[in-house]
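In: Sequence first, predicted coordinates after that:
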Amino acid sequence: MTENRTLTLTNENSQAICELPVLQGTIGPDVIDVQALYKQTGLFTYDPGFTSTASCTSTITYIDGEEGILLYRGYLIEELAERCTFLEVCHLLLHGELPTPESLKDFENNITMHTMVHDQLTNFFKGFRRDAHPMAIMVGVVGALSAFYHDALDIKSKKDRDLSAIRLIAKVPTIVAMCYKYSIGLPFMYPNNKLSYVENFMRMMFATPCDDYVQNPVLVNALERILILHADHEQNASTSTVRLAGSSGANPYACITAGIACLWGAAHGGANEAVLNMLKEIGDVSNIPKFIERAKDKNDPFRLMGFGHRVYKNYDPRAKLMRATCYDVLAELKLEDDPMFKLALELERFALEDPYFIAKKLYPNVDFYSGIVLHALGIPTNMFTAIFAMGRTIGWIAHWDEMIADPEQRIGRPRQLYRGSAQRDIPSQHR
Ligand code: SDX
């Protein structure tokens with residue numbers, strides 16, 4: 001990494017007002033280190049939406065938006081999705097390396113031993129209406145976890161951070177399945193320690209105390225891949241939320257809850273639910289042109305959900321893998337003629353041939369096909385974002401852990417461009 005490169009800032013009279021270091025990463029754009037800018041010039045940078053701002057140094061995930069490349073700790077997402085289990089990817093994201101067979105066994109066993117939740121946690125569900133959105137329940141119940149684990153909340157202790165990571169990776173699936181069971185009035189299913197992570201989740205979701213649940217390996221593999229594809233994505237909105245919450249010293253459960261709340265938005269993780277609702281609204285291939293025109297109309301708030309991305313200006317590699325998973329699952333369930341899938345394929349074809357979408361480089365993102373797969377797996381639409389949160393929990397934790405250990409880390413406190421009233425006196429009639 002070549003250091004000592006600088007950028008000189010000059011004023012309107014071409015006088016140098018500031019020398020700023022230029023830093024280089026392993027791959028990807030160089031950055032201008034503006035930390036000294038305000039002190040040296042009295043100027044702030046201005047970047048609402050952080051389109052040109054690197055908020056931190058990270059070694060976890062790299063995205064090349066132009067080429068549509070996604071790496072977790074240097075490994076291609078396509079290879080990880082094909083050759084690894086979700087827990088192997090969790091180990092990779094958290095510890096920086098894929099596990100050896102021995103370390104994988106320990107990691108799996110550690111997770112398994114933490115999948116149960118404190119029995120009093122079930123009381124939190126009773127306070128919610130049965131028709132409460134699962135993400136509202138997730139925010140409440142995951143946020144409540146810190147009330148049960150006073151034994152390991154010292155964020156400066158790596159041991160406590162590792163235990164919190166295990167607890168969250170292990171318990172979030174249990175809580176997600178509880179959200180589903182609660183919404184349909186069926187009893188919660190306890191975890192089964194003999195099952196794999198994904199099999200255990202499928203059983204907690206779809207088994208009842210009255211029958212044995214028969215696992216379908218094609219569906220288990222599909223969900224394994226879905227979780228891998230959602231595991232991390234650099235400094236996206238919810239991960240940045242987790243980092244900002246964590247920078248104040250908040251406990252990991254509170255930080256992950258902040259991430260869950262941010263993910264819920266339709267522009268972010270809520271998009272998979274919004275895609276299904278949009279496809280239902282479009283209804284038929286004959287309506288596609290009308291909705292494509294609406295998506296292009298600046299005066300119409302309608303957007304093509306599952307399309308576009310802040311970073312990808314090429315096809316989201318995850319969307320390609322998700323589409324392949326769609327084919328696998330629909331073939332296994334003899335749903336190749338699923339009208340929703342056919343409509344999605346046709347909508348994608350229309351959009352990719354439309355000059356507006358081509359000009360703005362709007363491609364399908366991870367959410368475009370994930371909803372169709374989840375729907376085929378029997379997961380209700382309002383649970384889609386909770387599944388996204390289940391996959392992304394490991395990414396949030398890995399970034400939170402990296403931030404706490406980062407010597408450059410300090411509380412995140414952005415400034416602003418103030419355009420409100422200058423100082424003024426209160427009108428005399430106010431005493
Ligand atoms: C995720 O950041 C991440 O990494 C997120 C994520 C992750 O793994 O964490 O990848 C997960 O959130 C994927 C995105 C899911 N959201 C959606 O599918 C919702 C629909 N997409 C859009 O809302 C939008 O594309 C965003 C929010 C994803 C990105 O918004 P940006 O980067 O702020 O881009 P923009 O809104 O400025 O759009 C640029 C232009 C605009 O037109 P102009 O103002 O330049 O004329 O493209 C247009 C937009 O109007 N545009 C769309 C569009 N997305 C962008 N027009 C129609 N339909 C769309 N979907």
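Out: Thanks, I have it.

In: Tally up the residues packed near residue 287, please.
Out: Burial of residue 287 is recorded as 13 neighbouring residues (other Cβ atoms under 10 Å). From N, CA and C alone the C-beta is placed, and that goes for glycine too.

In: Need the pLDDT of residue 84.
Out: Note on residue 84: pLDDT of 98.

In: now swap in residue 1 and tell me
Out: Residue 1 is assigned 45 on the pLDDT scale.

In: what does residue 316 give?
Out: 93.

In: same check, this time on residue 341
Out: As predicted, residue 341 sits at a pLDDT of 89.

In: what are the phi and psi values for residue 273?
Out: Dihedral pair for residue 273: phi -60, psi -40, per degrees, to the nearest 10.

In: Can you tell me the SS state at the closest residue to it other than its chain neighbours?
Out: Closest residue to residue 273 apart from its sequence neighbours, by Cβ to Cβ, 6 or more residues apart in numbering: residue 384 at 4.6 Å. Counting by DSSP: H, G, I helix; E, B strand; the rest coil, the backbone at residue 384 sits in helix.

In: my guess is residue 384 meets residue 370, correct?
Out: Yes: contact status for residue 384 versus residue 370: in contact at 7.1 Å, counting by Cβ atoms under 8 Å.

In: which one of the two has more residues nearby?
Out: More neighbours surround residue 370 than the other of residue 384 and residue 370, with 30 against 26 (other Cβ under 10 Å).

In: secondary structure element for the more buried one?
Out: Using DSSP states H and E, residue 370 sits in helix 366-376.

In: Residue of the stretch 251-400 of the chain nearest the ligand, please.
Out: Nearest residue of the stretch 251-400 of the chain to the ligand: residue 308, at 2.4 Å (Cβ to the nearest ligand atom).

In: pretty sure that residue is in contact with residue 366, am I right?
Out: No: the criterion here is Cβ under 8 Å, and residue 308 misses it with residue 366 at 11.8 Å.

In: which neighbours do residue 384 and residue 370 share?
Out: residue 272 (Cβ atoms under 8 Å, 6 or more residues apart in numbering).

In: Buried ones in the longest strand anywhere in the chain, by neighbour count?
Out: Counting residues, the longest strand found in the chain (DSSP state E) is strand 16-23. By 16 or more other Cβ atoms under 10 Å, the buried positions in strand 16-23 come out as 18, 20.

In: and whichever helix or strand comes after it, what does it pack onto?
Out: Using DSSP H and E, the helix or strand that follows strand 16-23 in sequence is strand 31-32. Applying 3 or more Cβ pairs under 8 Å, 6 or more residues apart in numbering; DSSP states H and E, one finds that strand 31-32 makes contact with strand 16-23.

In: So which residues make contact with stretch 331-341?
Out: With Cβ under 8 Å, 6+ apart, stretch 331-341 has contacts from 216, 218, 219, 276, 279, 280, 326, 329, 330, 372, 375, 376.

In: how close does the nearest residue to the second one once chain neighbours are set aside get to residue 201?
Out: Take residue 218 and drop its neighbours on the chain: the residue closest to it by Cβ to Cβ, 6+ apart is residue 332, 4.1 Å away. Using Cβ to Cβ, to the nearest Å, one gets 18 Å for the distance from residue 332 to residue 201.

In: Show me which of those two is the more surrounded one.
Out: Remark: of residue 332 and residue 201, residue 201 carries more neighbours, 24 against 16, as counted by other Cβ under 10 Å.

In: Please settle this for me: is that one part of a helix?
Out: Yes: when three-state DSSP is applied, residue 201 is found to be in a helix.

In: and it, what does it touch?
Out: Neighbours of residue 201 in contact, by Cβ under 8 Å, 6+ apart: 173, 176, 177, 223, 390.

In: and if we set it to 10 Å?
Out: 86, 115, 172-174, 176-177, 191, 195, 220, 223, 227, 387, 390 (Cβ atoms under 10 Å, 6 or more residues apart in numbering).

In: How many neighbouring residues does residue 126 have?
Out: Residues within reach of residue 126, counting by other Cβ under 10 Å, total 7.

In: Kindly apply the preceding question to residue 337 instead.
Out: The local packing of residue 337 (other Cβ under 10 Å) involves 8 other residues.

In: can you tell me the helix or strand for it?
Out: Using DSSP H and E, residue 337 sits within no helix or strand.

In: now it: how far from residue 222?
Out: Look at residue 337 and residue 222: by Cβ to Cβ, they are 18 Å apart.

In: what about residue 308 and residue 366, which has more around it?
Out: residue 366 (26 against 21).

In: quick one: secondary structure of the nearest residue to the more buried one once chain neighbours are set aside?
Out: Spatial nearest neighbour of residue 366, chain neighbours left out: residue 318 (4.0 Å); criterion: Cβ to Cβ, 6+ apart. Residue 318 falls in the helix class when you classify it by three-state DSSP.

In: what's the burial count for residue 318?
Out: Counted with other Cβ under 10 Å, the neighbours of residue 318 add up to 27.

In: Then residue 235?
Out: That count, for residue 235 with other Cβ under 10 Å as the rule, works out to 19.

In: now the one 5 residues further on
Out: Taking other Cβ under 10 Å as the criterion, the count of residues near residue 240 is 18.

In: any idea which element it lies in?
Out: Assigned by DSSP H and E, residue 240 falls in helix 237-247.

In: can I get the CA coordinates of that helix in CSV?
Out: Taking C-alpha atoms only, helix 237-247 is exported to CSV below (Å, rounded to 0.1, in the frame of the first residue of the first chain):
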residue,chain,number,x,y,z
ALA,A,237,-27.8,1.4,5.6
SER,A,238,-28.5,-1.1,8.3
THR,A,239,-24.9,-2.1,8.8
SER,A,240,-24.0,1.6,9.1
THR,A,241,-26.8,2.0,11.6
VAL,A,242,-25.3,-0.9,13.7
ARG,A,243,-21.8,0.8,13.5
LEU,A,244,-23.1,4.2,14.5
ALA,A,245,-25.1,2.7,17.4
GLY,A,246,-22.1,0.7,18.5
SER,A,247,-19.8,3.7,18.3
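
In: Give me the distance from the host helix or strand of residue 106 to the chain's centre.
Out: Counting by DSSP H and E, the element that carries residue 106 is helix 101-112. Using Cα atoms, centre = their mean, to the nearest Å, the mean C-alpha position of helix 101-112 is found 24 Å from that of the whole chain.
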